[in-house]
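**Q** my questions are about this predicted structure, shown below with the sequence.
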Amino acid sequence: MSNVKETAVELRGISKYFSGTVANDKIDLEVKRGEVLALLGENGAGKTTLMRILYGMYRADEGEILIDGKPVTINSPYDAMNLGIGMIHQHFTLVPVHTVVENVMLGLDGPYDPGAVAEEIRTLGRRYGLEVDPYATVRLLPVGMQQRVEILKALIRKACILIMDEPTAVLTPQETDRLFDFVREFRSGGNSVVFITHKLNEVMNIADRITVLRAGRTVGSIPKVEASESALARMMVGRDLELTTGQPAKNVGEVVLDVDNIGVISSRGHRVIDGLSFQIRQGEILGIAGVSGNGQEELAEVLCGLRNAEEGDIRVSGKSIVNCAPLAIIAEGVGYIPSDRQSEGLVLDMTVAENLMLKGSSDPEFTKGRFLDMAAIEENASRQVHEFDIKTPSVSTRTKALSGGNQQKVVVAREIAIASKLLVAVQPTRGLDLGATDYVHRVLLRERDKGKAVLLISTELSEIMNLSDRIGVIYRGSLLRVFTRENADIGEIGLLMTGIRGESNE
Amino acid sequence: MNKRSDQSIWLALTPLYSVILGLAASGLMMLLLKHNPIEAFAQLFGYAFRDIYNVADIFAKATPLILTGLAFGFAFRASLFNIGAQGQFYMGSIGAVVVALKLGFLPPVLLLPLCLIASVVMGAAWGAIVGMCKSRFNANEFLISMMSNYVAVAIMNFLVRVPLKEAKGEYPQTDVISEAAWIQSLIPGTRFHWGFILALAAALLAYVILWRTSLGFKIRAVGMNRSAARYAGIDEKKIFVIVFAISAGFAGLAGFMEVNGIQHMVVQGFNPTLGPEGIGIAILGNAHPLGIVLSGLLFGALKVGGNLLTQTTTIPSSIIGIMEGFVMLFVVLSYFVQNKVILAQRKRRLAKGEDVA
């Protein structure tokens, strides 16, 4: 590698407007040959939008793109691929029922011989440590393997500029290490990588240079050697921020939630939860760690009455709630913060006041006979907006006009009002910026200290480690082990997440 | 702030532009037919508002249209498509005419309410079947409700040809119902009857249910986000059935209006376009009860004026259908344009660095 590297990609003054927001505001960005550029920023900072412009999925409202110093027009991913740009999306773009070869061939120009493509897949796989069986059906491959297929798709198209959008979000710590090995190997061949992330430790691990975006603008671009995690965090958020770490629970009381050996079979006939048991007591947080897709979603749905369990029992303060209707479970004092606030937690076209009473439309608190008690609904909303500091022009503003953090506050406010005994939170900070994340964490800890039982299901290991009093690891629908806070070891938890049982005993 | 509310007033008037554009487009059609459109429209509205009889007729024509409009609009608030208003209207007509024929000896004070109830119950029951297919078998309510029209037509054809056929046995129609079952005129000598007031009451009822009751809240929640409604413990399957029953009840009530208010009998295949026109009226009225009343009146005026126009000139009568069609077309287009305009405005403000909340 020479010291003065050539510029591979240059973005000049890129702006993109979506309805209601500036996604990118005159962003400049430069990627050199043989360099890993980390594009760092909070969720919603405009990272993905910017890269989708480079990949031809969106068209910029302003600005220009230069490849190897020459201005280019990129109207579609096809154009981007012809310029040597490949992108690994956060949500894979594979055809699940097709084989690896068929997926790789999809969209290639000209007639190709599947055998030759399979051979190429093997060759590239060996060279970069991305071995995968070319004739395996994608649907049956683990997530980490599917990601390899995505990468191979780009490599076979001779990509020399690879954009990776939060590639580690779905990976275990071990799979992440292997991905990083590939990135280093790929870079050493004079190729460039743009690595989109909001995780600081990854940036420090893999990047050569870091460009930080905040609210659609470039905050700065610095070489890794000059960067520190705290400096980067400051650039991302625009202020100093200490993440809340919970103090251990003090007053642990009676058992509130008792999940007793439940089994769930999916609509496809797979056993998605298998002999799962745990208890949560008053005043403690049980965190459930695991790679997504190991039964977390199904567990949450069983707990809130949207899915039936074939076996076992669930008791809240001694009363069985298994296979009860959602309303009956709500009445037992179980609050539920779903992982997807926009599709499961809120009706975005309704007002803030309506969303704050969404689960109370049959509750005497908000009704007078068959009619809604408009005064009570409004009064409740004003109180909650004030108490949870929800930033909204008024309680009759449509919820879709609020920012992500404030939308989540609406969900949290409503569910905490319901959760007199138990609060179930699934990925409660997904897609939130650091400030809002910290707020949600604080609220969870506060509710725990008030004596509620909290179940926290999250794929963000750091979130689990920071907040939980006990940590369970879920793998293929079973809890492999439950750690207490003191003996929780992140390395061991990481291994358990992949299904490898640790040697050590408690 | 002031500027923005000015803009929203302009945007709120889009249905009006659509009406004007729709009329203009049908004016072009008249040009092709070598008629002077300006003269024709002057005549059309001249006729519609010429005398008390014609003005009263606008309300009479609007009455069933408002109800089939509500039938579509109410279900639309739950994101359900009720394309079956025509069949529900026919079932309501059958209910009303059977009660009027069999119980014709009763005094009006008993007979009229019984006819009304029969029409609503028949319509609602017919619609509830669609809702049940949706909730039990996850059937597509659009297709099921559309098909239910054909079944309803077949049932009506059978009834007016065999069991309910007129005493003379000449035409496929029922006997004239006893005068005790006629809805009284509001203005003697015209066809403006009490039914219009009932249609307004129905629109008010639809509004109250949707925006003031717990049921309506659930209906709208299911309509705007089915998944969130499920998490909130709202039983969507129950809502499907209730919504279809209520919305079909409105269409059934239109049967009472037409049988007891205008026709005083059931004739095979009468008023064959009430259902489809209700869809257009609901869309023109943005599925809001007040909007539906206003657009129902507009369509009523087009019908009255158009009928007279085609009777007194050589303009073919299909021009009324063309006018209605163009208006609906432009209304549907207007929602698309409206969204584009709003987005463009926001982009411009954002580019200038203004805050858009």
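**A** Received, thanks.

**Q** for chain B, what lies in contact range of chain A?
**A** Within chain B, the residues that sit near chain A (C-beta under 8 Å from any C-beta of the partner chain) are B:212-218, B:220-221, B:224-225, B:227-235, B:342-343, B:346-347, B:350-351, B:356-357. Where you see a C-beta, it was placed from the backbone N, CA and C, and this is true even at glycine.

**Q** of those, buried ones?
**A** Buried members of these, scored by 16 or more other C-beta atoms under 10 Å in any protein chain shown, are B:213-218, B:220-221, B:224-225, B:227-235, B:346-347, B:350.

**Q** name the next helix or strand downstream of the helix or strand where residue A:194 lies, please.
**A** Using DSSP states H and E, residue A:194 falls within strand A:192-197. Downstream of strand A:192-197, the first helix or strand assigned by DSSP H and E is helix A:200-206.

**Q** against which helices or strands is that next one packed?
**A** Under the contact criterion of 3 or more C-beta pairs under 8 Å, 6 or more residues apart in numbering or on different chains; DSSP states H and E, helix A:200-206 touches strand A:36-40, helix A:173-188, strand A:192-197, helix A:229-237.

**Q** mind listing which of the buried ones among the residues of chain B next to chain A are in helices?
**A** B:214-218, B:220-221, B:224, B:227-231, B:346-347, B:350 (DSSP state H).

**Q** chain A versus residue B:244, what's the distance?
**A** Here residue B:244 is placed at a distance of 19 Å from chain A (C-beta to the nearest C-beta, to the nearest Å).

**Q** could you dump the strand or helix carrying that residue to PDB, C-alpha only?
**A** Residue B:244 belongs to helix B:236-256 when assigned by DSSP H and E. Taking Å, rounded to 0.1, in the frame of the first residue of the first chain, the C-alpha atoms of helix B:236-256 are listed here in PDB:
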ATOM      1  CA  GLU B 236     -60.600  -7.700  14.600                       C
ATOM      2  CA  LYS B 237     -62.700 -10.700  13.500                       C
ATOM      3  CA  LYS B 238     -65.600  -9.400  15.500                       C
ATOM      4  CA  ILE B 239     -65.000  -5.900  14.100                       C
ATOM      5  CA  PHE B 240     -65.200  -7.300  10.500                       C
ATOM      6  CA  VAL B 241     -68.600  -8.700  11.100                       C
ATOM      7  CA  ILE B 242     -69.900  -5.700  12.900                       C
ATOM      8  CA  VAL B 243     -68.600  -3.200  10.300                       C
ATOM      9  CA  PHE B 244     -70.100  -5.100   7.400                       C
ATOM     10  CA  ALA B 245     -73.500  -5.400   9.200                       C
ATOM     11  CA  ILE B 246     -73.600  -1.700  10.000                       C
ATOM     12  CA  SER B 247     -72.500  -0.600   6.600                       C
ATOM     13  CA  ALA B 248     -74.800  -3.000   4.800                       C
ATOM     14  CA  GLY B 249     -77.600  -1.800   7.100                       C
ATOM     15  CA  PHE B 250     -77.200   1.700   5.500                       C
ATOM     16  CA  ALA B 251     -77.500   0.200   2.100                       C
ATOM     17  CA  GLY B 252     -80.600  -1.800   3.200                       C
ATOM     18  CA  LEU B 253     -82.200   1.300   4.500                       C
ATOM     19  CA  ALA B 254     -81.900   2.700   0.900                       C
ATOM     20  CA  GLY B 255     -84.200  -0.100  -0.100                       C
ATOM     21  CA  PHE B 256     -86.800   1.200   2.300                       C
END
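
**Q** buried set for that helix?
**A** Buried residues in helix B:236-256, defined by neighbour count with 16+ other C-beta under 10 Å: B:236, B:239-256.

**Q** pLDDT of whichever helix or strand comes after it, averaged?
**A** Later in the chain than helix B:236-256, the nearest helix or strand by DSSP H and E is helix B:274-284. Regarding helix B:274-284, the rounded mean pLDDT is 91.

**Q** and for stretch A:130-140?
**A** 92.

**Q** that stretch: end-to-end distance?
**A** Stretch A:130-140 has an end-to-end distance of 17 Å (C-alpha to C-alpha, to the nearest Å).

**Q** following the lowest-mean-pLDDT helix or strand in chain B, which helix or strand shows up next?
**A** Across the helices and strands of chain B, mean confidence by mean pLDDT, DSSP states H and E is lowest for helix B:2-12: a mean of 57. Per DSSP H and E, the first helix or strand lying C-terminal to helix B:2-12 is helix B:14-32.

**Q** remind me what that following helix packs against, helices and strands.
**A** Here helix B:14-32 is seen to pack against helix B:37-48, helix B:274-284, helix B:289-312, helix B:318-351 when contacts are counted using 3+ C-beta pairs under 8 Å, 6+ apart.

**Q** lowest average pLDDT across those helices?
**A** helix B:318-351 (a mean of 80).

**Q** buried sites along it?
**A** By 16+ other C-beta under 10 Å, the buried positions in helix B:318-351 come out as B:319-320, B:322-324, B:326-328, B:330-331, B:334, B:346-347, B:350.

**Q** got a list of what residue A:448 touches?
**A** A:246, A:249, A:283-285, A:454, A:469 (C-beta atoms under 8 Å, 6 or more residues apart in numbering or on different chains).

**Q** now do the host helix or strand of it against helix A:229-237, angle only.
**A** Assigned by DSSP H and E, residue A:448 falls within helix A:434-449. Computed with axes from the mean of the first three to the mean of the last three C-alpha atoms, to 10 degrees, the direction of helix A:434-449 lies at 100 degrees from that of helix A:229-237.

**Q** restricting to C-alpha, output helix A:434-449 in PDB.
**A** Output of helix A:434-449 as PDB, limited to C-alpha atoms (Å, rounded to 0.1, in the frame of the first residue of the first chain):
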ATOM      1  CA  LEU A 434     -28.600   7.600  22.200                       C
ATOM      2  CA  GLY A 435     -30.500  10.200  24.100                       C
ATOM      3  CA  ALA A 436     -33.800   8.400  23.700                       C
ATOM      4  CA  THR A 437     -32.200   5.000  24.400                       C
ATOM      5  CA  ASP A 438     -30.800   6.300  27.600                       C
ATOM      6  CA  TYR A 439     -34.200   7.600  28.600                       C
ATOM      7  CA  VAL A 440     -35.900   4.300  28.000                       C
ATOM      8  CA  HIS A 441     -33.200   2.500  30.000                       C
ATOM      9  CA  ARG A 442     -33.700   4.900  32.900                       C
ATOM     10  CA  VAL A 443     -37.500   4.300  32.800                       C
ATOM     11  CA  LEU A 444     -37.000   0.500  32.900                       C
ATOM     12  CA  LEU A 445     -34.700   0.800  35.900                       C
ATOM     13  CA  ARG A 446     -37.100   3.100  37.600                       C
ATOM     14  CA  GLU A 447     -40.000   0.800  37.100                       C
ATOM     15  CA  ARG A 448     -38.000  -2.100  38.500                       C
ATOM     16  CA  ASP A 449     -37.100   0.000  41.600                       C
END
